[in-house]
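A.B. asks: The following comprises the amino acid sequence and a computationally predicted model.
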Amino acid sequence: MTTIHITYFAALRDVTGYAEETLITEVVTAQALFHKLTAKYHWPFSEADIQVAINDRYQPTDTLLKEGDRVVFIPPVAGG
Amino acid sequence: MLFQLTDQPIETLIGSLHPHAGGIVTFEGRVRAVNDDKKVASLEYVAYPELALHEGHAIINAALKQFDILEARAVHRTGHLAIGDIAVWVMSAAIHRKEAFEATEYIINTIKVHVPIWKKEHYSDGEAIWVRCDRCTDDHKHSHTVKEAFSL
């Protein structure tokens, strides 16, 4: 089991209802974590819509998660 | 500071620049009153600061390498903005104008698709929607929203 800290922004924060949470989980990759959380919170995004940041840097979705990682799922951005 | 986030009004005066800079191109993105035929009352920008600053700096540094420019900077607002407020400001300075135009366009296009900043449009009818901007670099862009899911 791995302890993961997750921070939510924008649409995901609204839908989830939290700014952040800590999970102790058996999932191994960020991608698997995304699917687990999508099932839990019914996020209206597909995997193709989402980018992943781990410890404040963009990373591939199949990145293996480590104990204590900070994960942010990034819905489509819209700056400017 | 190459790339900044600020919750204060953006100051557009740029002060002194490289003495060889003869062509300065600035871009201001302002909050407009209508988007996709809907009357906008205000906009709310949210950033993921740690990653936004990292990516913003990387974009400016990429522009400095890719284009023959002397300086480049950008500032993006966060928080609640009114119609007409400056949401993003970009500046490139070059010896001649052509490179400055190209660099400024590259920087704003890349910020819009790559920096983790989101905007929620608040409409006059009380509805508020997180804008999904899949084609923000297109000249004739149309915002795509996740209206069905996020009508608040």
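C.D. replies: Great, that's in hand.
A.B. asks: Going by C-alpha atoms from here, please, whenever you check contacts or count neighbours.
C.D. replies: Will do.
A.B. asks: so who does A:Q31 touch?
C.D. replies: For A:Q31, the contacting residues are A:E47, A:T61, A:D62, A:T63, by Cα atoms under 8 Å, 6 or more residues apart in numbering or on different chains.
A.B. asks: Any of these buried? List them.
C.D. replies: Among these, those classed as buried by 16 or more other Cα atoms under 10 Å in any protein chain shown are A:T61.
A.B. asks: what's the closest of the contacts of A:Q31 to chain B?
C.D. replies: Ranked by distance to chain B (Cα to the nearest Cα), those are led by A:E47 at 15.0 Å.
A.B. asks: Need the per-residue pLDDT for that closest one.
C.D. replies: pLDDT recorded at A:E47 is 93.
A.B. asks: again, but for B:R132
C.D. replies: Looking at B:R132, its pLDDT stands at 82.
A.B. asks: One more: B:V88?
C.D. replies: 96.
A.B. asks: how close does it sit to A:E21?
C.D. replies: Distance of B:V88 to A:E21, computed by Cα to Cα, to the nearest Å: 31 Å.
A.B. asks: The two: which is more packed in?
C.D. replies: B:V88 (24 against 10; other Cα atoms under 10 Å in any protein chain shown).
A.B. asks: How about the contacts made by that one?
C.D. replies: Neighbouring residues of B:V88 by Cα under 8 Å, 6+ apart: A:G80, B:I10, B:F27, B:E28, B:G29, B:R30, B:A74, B:V75, B:H76, B:R77.
A.B. asks: And the strands in the chain?
C.D. replies: Reading this off chain A. A:2-7, A:20-25, A:51-54, A:57-59, A:70-74 (DSSP state E).
A.B. asks: let's do chain B instead
C.D. replies: Counting by DSSP E, chain B has these strands, from start to end: B:3-6, B:23-30, B:34-35, B:38-47, B:71-77, B:79-82, B:86-94, B:117-123, B:128-132, B:144-145.
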